[in-house]
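Novice: any chance you could fold what I've pasted below:
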Amino acid sequence: MPVLLCLPCWLAVRCPAGFSRGHVPDEQAISIQMVSQEAAQQPLQVTETGQTAMLEQKIHIEQLRVGIFVRLDLKWSDHPFFFSRFKIKNEEQVQILKELGLEEITYVPAKSDCEPLPAQPGTGTPTPSMPDESAVECERLERLRKEQIELVRQQRQRIQICEKRYQETLTQVKKVMQGLSGSSKEATRDADQLIQGLVGSITTDRETILHVMNISTTDETAFYHSLNVAILSLVIAKEYGFDQDELRALGLGALFHDIGKERIPKTIVHKRGPLSPPEQQLMWLHPQYGAEMMATVADFPRAALQVIRQHHETNDGKGYPDGLSGQSISFLAKITAIANYYDNQCNRTDPKDSLTPHESLSLMYKTRRDKFDRGLLNLFISCLGVYPPGTIVQLNNGIIALVASINAGRPLQPNLLIYDPTVPKNEAIIFDLGSQSEVKIERSLRPSQLPPKIFAYLDPRLRVSYFFDSGGTDLSAQPAV
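Specialist: As a prediction, the model looks like this:
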């Protein structure tokens, strides 16, 4: 009988800091039980404070003890703790809470390890009496919080730089795609320079930080899709260990993988709803058309042509246009097939039908494992993590957040954009999940489950698009509090 592990447990065992060439996760010893997308969509009553509906009660400050889960009705700047909702883990924290000048505090029984101390009759407002140890602890927390604020500022600046680079790259993609109708030679030269730049950036940095971009439109879908598939393909291949020439061929093939759709009527390409059988037959020809178009371009890599023609072939031989299977399919095409399918699920023709990143991975693992190369699919999941950038999550302390970025080398520790109504949206806290071992992701949420205020604050992306950070030092390494 196979050992069943949830995906987070599997990744903790199977995902090292980096992969040597050809090192992909192995399913022979362990069967993965993916968290089902149905579980992620369980109806939840999320309040505008960012909490699911849960019994809370007020207790006197003198009833606090280690193991009690509390919620502070204070602004983030008015206390030295990183979160306003947390479980008390030591006596120093108890004393610091007593020094905040509160007479009562909110207690959450369901998240506590124990009950509060018995209420003492006639207990009045506590008299401050800070022991030296508590003063030192408070000073330490305050210092770390200031460091945290500075790191958040740096991380926000880094994201802004990344988004600027993304927009510049997207402009280049538009120029390349539009140029194909004129001088193919010039357009492909520009494409080669674009891909060479991306390959140079992704291979120069020891770590790859993948960010979700703040895209506010669903227009010009083809440009976003082409760039997204190229980025995701390069991330997988970099973790696998390909050299620069292989990455260049993969990047070019992924960028032009859908170029054959230029020969198909736009009414079919952009149709919302099922295609008719004749329309579907025509759509299935776009990989062949694309390979034929790019084969006329001088010096276009043969490996890239294979990516274009074979990105819809499947391991079981039921793909198109040639019905190839297994080893007959180019390895680079197998990578792009995974990236292409994932992006198509996250960004469907009708946005309201799109899946969340977490749901897309779950669907791929549950229903498409026989279609993809299993080792590459596992590597893809390892790179993105169980909750990829763009996923709305709820933490085990009840807080709601958006997964903003992940380090492909440690996908279980993403950076989260935290919903906190006491912090202005433009100053929202960015939290490294790896900095506090007791804080974990409990579930993913659909944007439709969020109250309007939380939705507006976290601003879930209309379109899930990624770009990698080539900024050198990983600013997500933050002090533990």
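Novice: and the residue nearest the centre of this structure?
Specialist: Central residue of the chain (CA atoms, centre = their mean): residue 389, 1.5 Å from the mean position.
Novice: report pLDDT for the closest residue to that one other than its chain neighbours.
Specialist: Closest residue in space to residue 389, ignoring its immediate chain neighbours: residue 212 at 3.7 Å, by CB to CB, 6 or more residues apart in numbering. Heads up, the C-betas are built off the backbone N, CA and C, glycines and all. Confidence at residue 212, expressed as pLDDT, is 89.
Novice: pLDDT weak spots in the stretch 351-481 of the chain?
Specialist: Within the stretch 351-481 of the chain, the stretches with pLDDT under 70 are 470-481.
Novice: the helices in it, which residues?
Specialist: 357-367, 374-384, 452-458 (DSSP state H, counting those that start in this stretch).
Novice: make TSV out of those helices and add mean neighbour count.
Specialist: Shown next, in TSV, are these (neighbours: other CB atoms under 10 Å):
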stretch	mean neighbour count
helix 357-367	21
helix 374-384	23
helix 452-458	16
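Novice: can I get these in TSV with distance to residue 242?
Specialist: Listed next are the helices of the stretch 351-481 of the chain as TSV, based on distance: least, CB to CB, whole Å:
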stretch	distance to residue 242
helix 357-367	22
helix 374-384	12
helix 452-458	35
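Novice: residue contacts, the residue nearest to the centre of the chain?
Specialist: For residue 389, the contacting residues are 210-212, 357, 403-406, 414, 464, 466, by CB atoms under 8 Å, 6 or more residues apart in numbering.
Novice: likewise residue 467?
Specialist: Contacts for residue 467 (CB under 8 Å, 6+ apart) come out as 162-163, 165-166, 169, 210-211, 213, 231.
Novice: which SSE is residue 59 in?
Specialist: For residue 59, the enclosing helix or strand under DSSP states H and E is strand 57-60.
Novice: roughly how far out does the helix or strand following that strand sit from the chain middle?
Specialist: Sequence-wise, the next helix or strand downstream of strand 57-60 (DSSP H and E) is strand 69-71. Distance, stretch centre to chain centre, for strand 69-71: 28 Å (CA atoms, centre = their mean, to the nearest Å).
Novice: one more: stretch 234-248?
Specialist: The answer for stretch 234-248 is 20 Å, by CA atoms, centre = their mean.
Novice: dump that stretch to PDB, keeping only the CA atoms.
Specialist: Only the C-alpha atoms of stretch 234-248 are listed here, as PDB (Å, rounded to 0.1, in the frame of the first residue of the first chain):
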ATOM      1  CA  LEU A 234      12.300  29.000 -18.600                       C
ATOM      2  CA  VAL A 235      11.800  28.700 -14.900                       C
ATOM      3  CA  ILE A 236      11.200  25.000 -15.100                       C
ATOM      4  CA  ALA A 237      14.100  24.500 -17.500                       C
ATOM      5  CA  LYS A 238      16.500  26.500 -15.300                       C
ATOM      6  CA  GLU A 239      15.600  24.400 -12.200                       C
ATOM      7  CA  TYR A 240      16.100  21.300 -14.400                       C
ATOM      8  CA  GLY A 241      19.600  22.400 -15.300                       C
ATOM      9  CA  PHE A 242      19.500  23.300 -19.000                       C
ATOM     10  CA  ASP A 243      22.400  25.300 -20.500                       C
ATOM     11  CA  GLN A 244      22.000  28.700 -22.200                       C
ATOM     12  CA  ASP A 245      21.600  27.300 -25.800                       C
ATOM     13  CA  GLU A 246      18.900  24.900 -24.700                       C
ATOM     14  CA  LEU A 247      17.200  27.700 -22.800                       C
ATOM     15  CA  ARG A 248      17.400  30.000 -25.800                       C
END
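Novice: which residues touch stretch 162-174?
Specialist: By CB under 8 Å, 6+ apart, the surrounding residues in contact with stretch 162-174 are 190, 194, 198, 211, 213-214, 220, 223-224, 226-227, 255, 465, 467-471.
Novice: try it again with 10 Å
Specialist: Stretch 162-174 is contacted from outside by 190-191, 193-194, 197-198, 201, 209-211, 213-215, 220, 222-228, 230-231, 255, 405, 465-471, using CB atoms under 10 Å, 6 or more residues apart in numbering.
Novice: please point out which parts of it sit buried.
Specialist: The neighbour-count check on stretch 162-174 (16 or more other CB atoms under 10 Å) flags 162, 165-166, 169-170, 172-174 as buried.
Novice: okay, and which of those residues map to strands?
Specialist: Judged by DSSP state E, strands contain none of these.
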